[in-house]
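Participant: coords please:
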Amino acid sequence: MAQHLAYRAPVRGFLASVGLEPEIVVEFQFNPDKISDKRSISYATLNAPGLLMPVRQYTSGGDRTLSFTVNVDGRPIADPSAEPMRIERDDQGGIGPELTKYRAFVYPSTDRWQDAATAQDGFTSLYATGEPLFTAPPVCAFGWGDRVIDCVVTEVSISEQAFTPDLRPLRAEIQVTLVEITPYNADPQGG
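Facilitator: Have a look, this model is predicted:
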């Protein structure tokens with residue numbers, strides 16, 4: 001007798017700001033196909049007369065860097081209930097508000113980050129009022145299955161791929177690079 005697996009909604013990866021109100025939460029509409037996890041360490045080279053080869057002395061650990069690509073697709077579908085994950089859209093159906101969430105991780109922290117989606121100059125106009133520019137971008141948590149990693153986003157690269165008739169983005173490929181924060185790191189916010 002065949003066993004039938006119960007339908008289970010897939011677990012979604014996410015990025016969430018830590019200590020910022022309103023919180024930035026990005027649940028991936030489509031999970032990345034792969035995640036690169038890279039760590040480096042440093043060794044000093046010690047040369048001494050008469051040695052056949054130099055000696056290596058461990059000097060320090062390096063960053064653990066994670067990188068991945070996610071896709072956001074805001075094209076209309078016939079059955080909205082079949083959409084893999086709800087994403088934020090503007091009043092014309094563009095995915096600008098969803099892309100703003102990703103961009104907010106690499107701009108100075110502000111409680112007005114959502115306003116960048118409708119501002120003509122994006123994030124730049126948010127700081128014209130004298131809001132501190134030297135506030136670090138938010139720390140975040142990267143969730144992937146049962147792993148949650150405290151990190152900072154060091155790079156976001158967005159390629160917009162399809163547009164509405166008034167040129168609002170409908171699809172995008174987003175490359176994200178994160179660096180893990182260890183429990184004994186100094187506060188990356190500078191505090």
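
Participant: residue boundaries of the strands in this structure?
Facilitator: Secondary structure of the chain (DSSP state E): strands located at 14-18, 25-27, 35-46, 55-73, 139-144, 147-163, 169-180.

Participant: got a markdown table for those, with mean neighbour count and mean pLDDT too?
Facilitator: Placement of C-beta: from N, CA and C, glycine included. As requested, the strands of the chain are exported to a markdown table (neighbours: other C-beta atoms under 10 Å; pLDDT from 0 to 100):
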| stretch | mean neighbour count | mean pLDDT |
| --- | --- | --- |
| strand 14-18 | 19 | 95 |
| strand 25-27 | 17 | 94 |
| strand 35-46 | 11 | 93 |
| strand 55-73 | 15 | 94 |
| strand 139-144 | 19 | 95 |
| strand 147-163 | 15 | 95 |
| strand 169-180 | 19 | 97 |
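
Participant: Quick check: which of these is nearest to Thr110?
Facilitator: Closest approach to Thr110 among the strands of the chain (C-beta to C-beta): strand 14-18, 11.1 Å.

Participant: relative to strand 147-163, how tilted is that closest one?
Facilitator: Comparing the axes of strand 14-18 and strand 147-163 via axes from the mean of the first three to the mean of the last three C-alpha atoms, to 10 degrees yields an angle of 110 degrees.

Participant: sorry, back to before: generate CSV for the strands of the chain, with distance to Arg89 as supplementary columns.
Facilitator: Below are these laid out as CSV (distance: least, C-beta to C-beta, whole Å):
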stretch, distance to Arg89
strand 14-18, 19
strand 25-27, 14
strand 35-46, 27
strand 55-73, 10
strand 139-144, 23
strand 147-163, 13
strand 169-180, 9
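
Participant: between these, which gets nearest to Trp113?
Facilitator: Per C-beta to C-beta, nearest to Trp113 of the strands of the chain: strand 14-18, 8.7 Å.

Participant: and that closest one, what does it pack onto?
Facilitator: Here strand 14-18 touches strand 25-27, strand 139-144, going by 3 or more C-beta pairs under 8 Å, 6 or more residues apart in numbering; DSSP states H and E.

Participant: pLDDT value on the residue located most distally from the centre of the chain, please?
Facilitator: No residue in the chain has its C-alpha farther from the mean C-alpha position than Gly50, which lies at 50.5 Å (C-alpha atoms, centre = their mean). We have a pLDDT of 88 for Gly50.
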